[in-house]
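In: make a model of this:
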Amino acid sequence: MKIKSLGYLWIETTDVSKWRDYGTNILGLQIAPTMPADGNVYLKMDARPYRFAVYPGERDRLAFAGWELESEEAFTAALEELRAAGVAFELPGADIARQRRVRAVARLQDPAGATLELYHGADLDYAKFISPQGIAEFETGFNGNMGLGHIVLPTKKLAETRRFYREVLGFADTDYMHFHFSPDAKDPGQGLHFMHVDNPRHHSLALYEDPNDSPSGCVHAMVEVSDVDEVGYCLDRVNAAGIPVVSSLGRHTNDRMLSFYMATPGGFAMEFGCEGLQMDWEGYTPTVSTLPSLWGHKFQM
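Out: Next comes the predicted model:
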């Protein structure tokens with residue numbers, strides 16, 4: 001299976017208005033002009049009709065992520081691979097596909113219980129992206145082929161979940177880190193696997209070993225801009241709005257992203273960055289990093 005990119009995120013919220021304000025006034029995303037007025041908030045960042053969909057519900061969480069396949073043939077082959085691996089999935093049908101603005105969708109769960117969708121045939125609406133905060137562009141590739149950014153998901157079953165994404169869904173390893181938050185010599189620590197799909201992003205997914213239940217279903221999501229000044233402008237907006245900064249400005253070691261992290265209305269963090277590496281995967285050897293950042297990134301745990 002060859003997944004191309006992280007295509008969309010659907011977020012459940014107890015307060016749609018908070019996400020509308022956060023998405024437009026803080027992140028600088030646009031209310032999607034070609035999506036319906038159906039009570040959801042759709043946020044646009046590139047040539048795709050939307051990248052974030054926020055819908056009203058009883059919880060604040062990442063509900064599911066959509067992963068893009070390149071063609072109908074690849075989608076059909078993916079379903080056969082899921083069947084052969086004994087992985088249960090459902091086909092929600094044409095109405096859901098139309099809502100997602102794609103041709104066909106399959107829905108399944110990973111071993112940690114996270115819901116994901118596989119799809120093909122995403123629309124391009126070509127509506128001009130006009131950021132309410134003046135951001136010229138987000139880094140998503142040609143017609144969005146690098147995806148919206150990345151997500152980090154928590155799992156109590158790190159090895160099993162990684163194996164699922166590698167052996168069933170075809171993700172590949174990029175980097176691994178291991179963290180110890182206690183001086184106790186018996187503390188096993190927590191692992192973090194960075195994984196890529198078939199585009200140049202250093203990682204589109206990371207899996208974080210978390211022994212606790214995560215009500216938000218997500219550690220953080222990341223969006224990337226093309227201009228370092230936009231990171232600074234966003235940080236100013238965050239501070240002016242009194243939004244908690246989860247991590248100070250810094251530059252990561254493995255993907256060289258210059259970024260900071262902030263709270264979202266969804267109970268997970270958002271990394272807002274620039275200058276992330278774009279990789280050539282031919283002959284690439286996965287790495288093990290012992291330092292998460294070259295400088296900065298002081299986390300408020």
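
In: which residues in the stretch 151-300 of the chain form strands?
Out: 172-179, 190-196, 205-209, 220-225, 245-252, 258-263, 269-274, 287-288, 293-296 (DSSP state E, counting those that start in this stretch).

In: apologies, that question was intended for the stretch 1-150 of the chain.
Out: With strands called from DSSP E, counting those that start in this stretch, the stretch 1-150 of the chain shows them at 3-13, 30-31, 41-44, 52-56, 61-69, 104-109, 115-120, 150-155.

In: average pLDDT for the shortest one?
Out: Right, strand 30-31. What strand 30-31 shows for mean pLDDT is 98.

In: which strands and helices sit next to that strand?
Out: strand 41-44 (3 or more CB pairs under 8 Å, 6 or more residues apart in numbering; DSSP states H and E). Backbone N, C-alpha and C define where each C-beta goes, glycine included.

In: CA atoms only: put the strand it packs on into CSV for me.
Out: Extracted as CSV, the C-alpha positions of strand 41-44 are listed here (Å, rounded to 0.1, in the frame of the first residue of the first chain):
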residue,chain,number,x,y,z
VAL,A,41,-16.5,24.8,10.2
TYR,A,42,-14.4,24.0,7.2
LEU,A,43,-10.9,25.5,7.0
LYS,A,44,-8.9,25.9,3.8
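
In: and that strand, what other elements does it pack with?
Out: Checking 3+ CB pairs under 8 Å, 6+ apart, strand 41-44 ends up next to helix 16-21, strand 30-31, strand 52-56.

In: go with 10 Å
Out: Identification of packing neighbours for strand 41-44 by 3 or more CB pairs under 10 Å, 6 or more residues apart in numbering; DSSP states H and E yields strand 3-13, helix 16-21, strand 30-31, strand 52-56.

In: got a list of contacts for it?
Out: Strand 41-44 is touched from outside by 8-9, 11, 13, 16-24, 27-36, 49-56, 101, 125, 127-131, 138, 148, with contacts defined as CB atoms under 10 Å, 6 or more residues apart in numbering.

In: circling back: among the strands of the stretch 151-300 of the chain, which comes closest to Gly93?
Out: strand 205-209 (26.3 Å; CB to CB).

In: restrict the closest one to CA atoms and write it as CSV.
Out: C-alpha atoms of strand 205-209 as CSV (Å, rounded to 0.1, in the frame of the first residue of the first chain):
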residue,chain,number,x,y,z
LEU,A,205,2.8,10.7,11.3
ALA,A,206,4.4,10.1,14.6
LEU,A,207,3.4,7.5,17.2
TYR,A,208,4.0,8.5,20.9
GLU,A,209,4.0,5.8,23.6
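
In: give me the angle between it and strand 172-179.
Out: Counting by axes from the mean of the first three to the mean of the last three CA atoms, to 10 degrees, strand 205-209 lies at 30 degrees to strand 172-179.

In: direction included, what does strand 205-209 pair up with?
Out: strand 150-155 (parallel), strand 190-196 (antiparallel) (DSSP bridges).

In: now that strand: mean pLDDT?
Out: 97.

In: okay, the angle between it and strand 3-13?
Out: Using the same axes, to 10 degrees, strand 205-209 lies at 60 degrees relative to strand 3-13.

In: and the angle for strand 205-209 with strand 115-120?
Out: Using the same axes, to 10 degrees: strand 205-209 against strand 115-120 is 160 degrees.

In: got the angle between strand 205-209 and strand 220-225?
Out: 150 degrees.

In: can you list the buried residues in strand 205-209?
Out: For strand 205-209, the neighbour count (16 or more other CB atoms under 10 Å) marks 205-209 as buried.

In: likewise for stretch 105-117?
Out: So, applying 16+ other CB under 10 Å, buried residues of stretch 105-117: 105-108, 110-112, 114, 116-117.
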